[in-house]
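1. A structural model of the following input is requested.
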Amino acid sequence: MTKSPPVLAILSLLVFAGPVAARTQPPEDAAADDAAVEDVLPAGPLRVEVPPFVDPVPFIEADPPHLAKPVRKLLEAAMKTEDTAAVAALVKFARQTNPFDKDEIDAMNEAYVNRHKLLIERRAEADRERIRNSGVLKLWKGQVELGAFRSTGNTSNFGFTGAAKLDRKGIDWQHTIQLSADYQKDSGTVTREQYGASYQPRYTLRDGVFTYGRLQYEKDEIQGFRDRYSASGGLGYRVIKSDDMNLSVEAGPALRRTNYLEEPNDTTWSALTTLDFDWKVNGTLKLTQNATSYVGSDDSTFTSLTGLEAGMAKGLKAKLSYSIKHETSPATGTLPTDTISRFSLVYGF
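-> Residues are numbered from 1 along each chain as shown. From the prediction side, this is the model:
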């Protein structure tokens, strides 16, 4: 059956009136809803409660930060050697590139330095013990020199030269023996005959300072004397002492006895000064300079020997040298200055 229009209008009014009634509840229903919300949410800011931490707090073990393995291996390889300069350079750059590990690097370097120092001390003590137990004929080192020379002054000729040097270094004592000879014979006539020998002990008083004695013999008939004996002693000082360079000076009184060929023998007091200089220019080249002066009231003698050595093979060197000898009061008929240029081969043992 079809509904009439009045009935449809009444049904529509009832549908729309329901929701309006729900939205317009009495005030007491709204208050009840608010009370229910307050029971769920606390007043004030929202807080979240979590379970308490476990007591004690759990601890997880972990290795501390450490130096990178490649850097550590590089330092360890270098520290197995005795090249302190290389180790110092590597430590410097490792600190710069690994600033957060510098404490570990410093600890490695300190351990290396202490080991190296202890090693040097043990070697030095072993060396001193070896020297103490060595006999008089041991510990000697030396060199032999053979060659030719050219002289100017009282003579102008060529000849042959030879020299030898022995040296023994102990803990406090040092002994040096030197021998030299120049000889030439021209048409059956000896035109040059010069010989020399000396012995010098040194005793170290303290670092750089030493006392010395010297006994010396000379024979040079071209200079007008058959024999000359000298005895002296005094103090010396090592001005420079390093692996590449050494310089020492000496000074003291000297007594000289000269037996002339044409004049009366003479005994005089003199003041002796010497200079000994060695410089290793590089691995094969060495420069030497020795100078001596006997200054007296009647006669003074000045000598200088400059040498240049070049290594050729193990123990073998070529040597060029130039010597000057000057007498302030030479014997009658002789010139005051002699010079000799030498070329020789030197063998060390």
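2. What are the structural domain limits within the protein?
-> 69-128, 140-348 (automatic domain parsing).
3. Find the one among the ones you listed with the highest mean neighbour count.
-> domain 140-348 (a mean of 16; mean count of other CB atoms under 10 Å). (Glycine included, C-beta is placed from N, CA and C.)
4. Quick one: end-to-end distance for that one.
-> 11 Å (CA to CA, to the nearest Å).
5. would TSV of the domains of the chain with distance to Ser134 be doable?
-> Formatted as TSV, the domains of the chain follow (distance: least, CB to CB, whole Å):
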stretch	distance to Ser134
domain 69-128	11
domain 140-348	8
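6. Of those domains, which is nearest Glu49?
-> domain 69-128 (41.2 Å; CB to CB).
7. Make CSV out of the domains of the chain and add distance to Asp63 and mean pLDDT.
-> Converted to CSV, these look like this (distance: least, CB to CB, whole Å; pLDDT from 0 to 100):
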stretch, distance to Asp63, mean pLDDT
domain 69-128, 13, 93
domain 140-348, 45, 90
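8. between those domains, which one is nearest to Phe59?
-> With CB to CB as the yardstick, what comes closest out of these is domain 69-128 (23.8 Å).
9. Ends of the closest one, what's the gap?
-> 41 Å.
10. Centre of the chain to it, how far?
-> 16 Å (CA atoms, centre = their mean, to the nearest Å).
11. Please, where are all the strands along the stretch 1-150 of the chain?
-> 140-152 (DSSP state E, counting those that start in this stretch).
12. Which parts of it are helices?
-> All helices of the stretch 1-150 of the chain, identified by DSSP state H, counting those that start in this stretch, fall at 5-23, 27-40, 69-78, 84-97, 102-132.
13. Could you tell me the angle between the last one and helix 69-78?
-> If I follow you right, that is helix 102-132. 10 degrees (axes from the mean of the first three to the mean of the last three CA atoms, to 10 degrees).
14. With Asp182 as the reference, measure out to the closest residue in space to Phe343 that isn't next to it in sequence.
-> Nearest residue to Phe343, sequence neighbours excluded (CB to CB, 6 or more residues apart in numbering): Gly147, at 5.3 Å. Gly147 is 10 Å from Asp182, where distance means CB to CB, to the nearest Å.
15. Contact partners for Arg238?
-> 208-210, 246-248 (CB atoms under 8 Å, 6 or more residues apart in numbering).
16. Please identify which pair of the residues you listed lies farthest apart.
-> Pairwise across those, and taking CB to CB, the largest span is found between Val209 and Asn246, at 15.0 Å.
17. Report the beta-bridge partner residues of the spatially closest residue to Asp278 that is not a sequence neighbour.
-> Spatially, and ignoring its direct neighbours in sequence, Asp278 is nearest to Asn246 (4.8 Å; CB to CB, 6+ apart). Note on Asn246: beta-bridge partners by DSSP bridges are Lys241, Asp278.
18. Can you verify my assumption that Asn246 contacts Lys286?
-> No: Asn246 is not in contact with Lys286 according to CB atoms under 8 Å; the separation is 10.9 Å.
19. Next, show the common contact partners of these two.
-> Asp278.
20. how near is Asn259 to Ala313?
-> Taken as CB to CB, the span from Asn259 to Ala313 is 43 Å.
21. Please identify the helix or strand for the residue nearest to Gly208 when sequence neighbours are not counted.
-> Of all residues not flanking Gly208 in the chain, Arg238 sits nearest, at 4.7 Å (CB to CB, 6+ apart). Using DSSP states H and E, the element containing Arg238 is strand 225-241.
22. export that strand as CSV, just CAs?
-> The C-alpha trace of strand 225-241 is given here as CSV (Å, rounded to 0.1, in the frame of the first residue of the first chain):
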residue,chain,number,x,y,z
PHE,A,225,172.8,17.6,12.0
ARG,A,226,173.7,14.0,12.5
ASP,A,227,171.4,13.3,15.4
ARG,A,228,168.8,15.2,17.4
TYR,A,229,167.1,13.9,20.5
SER,A,230,164.0,15.5,22.1
ALA,A,231,162.2,14.8,25.4
SER,A,232,159.1,16.6,26.4
GLY,A,233,155.9,16.3,28.5
GLY,A,234,152.9,18.4,29.2
LEU,A,235,149.1,18.7,29.0
GLY,A,236,146.8,18.3,26.1
TYR,A,237,143.1,19.0,25.3
ARG,A,238,140.8,17.3,22.8
VAL,A,239,139.0,20.3,21.3
ILE,A,240,136.8,18.2,19.0
LYS,A,241,136.0,14.5,19.3
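23. how far does it sit from the chain's center?
-> That offset, for strand 225-241, works out to 31 Å (CA atoms, centre = their mean).
24. Verify the stated contact: Glu309 with Val346.
-> Yes: using CB under 8 Å, Glu309 is in contact with Val346, at 6.5 Å.
25. Need the residues touching each of those two.
-> With CB under 8 Å, 6+ apart, Glu309 and Val346 have common neighbours 317-319.
26. Turn these into JSON lines, including secondary structure and distance to Gly159.
-> Formatted as JSON lines, the shared contacts of Glu309 and Val346 follow (DSSP: H, G, I helix; E, B strand; the rest coil; distance: CB to CB, whole Å):
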{"residue": "Lys317", "secondary structure": "strand", "distance to Gly159": "21"}
{"residue": "Ala318", "secondary structure": "strand", "distance to Gly159": "19"}
{"residue": "Lys319", "secondary structure": "strand", "distance to Gly159": "16"}
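27. If anything else comes up later, I'll come back, but that's it for now.
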